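Engineer: Predicted model and sequence below, questions to follow.
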Amino acid sequence: MQNSSIILDRKHAIEIIQEVGETIFVPSGWYHQVENLEDTLSINHNWINGFNIKWSWDRIRRELNRYASSSTRIAAAKEHKTLEMLSDGGLMNGNGNAKKKTADDSKGKSISDDLLLLWLMVSAKAIDIVNTTKEKDSIDQMIRTKDGFSIIDFNLRAILPILEGIQDLIARDEDFGLRSRCECNVDELQQLVKEKIDH
């Protein structure tokens, strides 16, 4: 017997047929399913903005916690060897010989990639906002959220806890090789974001 919640949700489902050249926007958090009726080329883009970026950060934090609690691999992250250790050949033991790669090792590589991608998006957005021209800044300052924040302030307030979280991972040497993969001056970016919020 199906869950009554699912049956109720299906009563409110929206079903459409997307025609050639049409675009569909699916809001953050909306469950959806796609069925191609014929051979199809689909181009998708996932948006991360001030309204949904916390979900991405929360997912990465859950994965980090699950990974750390289910293995001793966090030591590899502390030694900044995660990426080298999680090569296609598997983990390297103390004398440089490859050990068999496990699902847990692949998860560490996935977390490392997700953390890097999130850092790249967050830092690019923060830098873009911090460096906005006065003309664009004044337009974005006019657009307000229901809480009364400008879009600029809202986005920066959403980014700041993520920067703080990444800084915490770096401080604990649990950044899964992030520093070795990119130049990330989180302290400096945090300061710029705080100054822009306070401005």
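Structural biologist: Received, thanks.

Engineer: continuing past the helix or strand hosting S180, what's the next helix or strand?
Structural biologist: Using DSSP states H and E, S180 sits within helix 178-181. Using DSSP H and E, the helix or strand that follows helix 178-181 in sequence is helix 186-198.

Engineer: how about the CA coordinates for that next one, as PDB?
Structural biologist: C-alpha atoms of helix 186-198 as PDB (Å, rounded to 0.1, in the frame of the first residue of the first chain):
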ATOM      1  CA  VAL A 186      39.000  32.700   2.900                       C
ATOM      2  CA  ASP A 187      40.000  35.100   5.600                       C
ATOM      3  CA  GLU A 188      40.400  38.000   3.200                       C
ATOM      4  CA  LEU A 189      37.100  37.200   1.400                       C
ATOM      5  CA  GLN A 190      35.200  36.900   4.700                       C
ATOM      6  CA  GLN A 191      36.500  40.400   5.700                       C
ATOM      7  CA  LEU A 192      35.400  41.900   2.300                       C
ATOM      8  CA  VAL A 193      32.000  40.300   2.700                       C
ATOM      9  CA  LYS A 194      31.600  41.600   6.300                       C
ATOM     10  CA  GLU A 195      32.600  45.100   5.200                       C
ATOM     11  CA  LYS A 196      30.100  45.100   2.300                       C
ATOM     12  CA  ILE A 197      27.300  44.000   4.600                       C
ATOM     13  CA  ASP A 198      28.200  46.700   7.200                       C
END
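
Engineer: C182 - how many residues pack around it?
Structural biologist: Neighbour count for C182, taken as other Cβ atoms under 10 Å: 11. From N, CA and C alone the C-beta is placed, and that goes for glycine too.

Engineer: quick one on the thing from earlier: what is the rounded mean pLDDT of the helix holding S180?
Structural biologist: Across helix 178-181, pLDDT averages out at 83.

Engineer: Distance check, L178 against A158.
Structural biologist: The spacing between L178 and A158, counted by Cβ to Cβ, to the nearest Å, is 20 Å.

Engineer: picking that back up, may I see the buried residues of the helix holding S180?
Structural biologist: Judged by neighbour count using 16 or more other Cβ atoms under 10 Å, the buried positions of helix 178-181 are 178-179, 181.

Engineer: Can you check which helix is longest in the chain?
Structural biologist: Taking DSSP state H as the criterion, the chain has its longest helix at helix 103-130.

Engineer: From the contact counts, what lies against that one?
Structural biologist: Counting contacts by 3 or more Cβ pairs under 8 Å, 6 or more residues apart in numbering; DSSP states H and E, helix 103-130 packs against helix 53-70, helix 82-85, helix 151-171, helix 178-181, helix 186-198.

Engineer: Okay, now the unreliable bits of this protein?
Structural biologist: Low-confidence segments of the chain, defined by pLDDT under 70: 1-3, 69-108, 133-141.

Engineer: try it again with 80
Structural biologist: For the chain, the stretches with pLDDT under 80 are 1-10, 28-30, 45-49, 67-110, 132-143, 182-184, 198-199.
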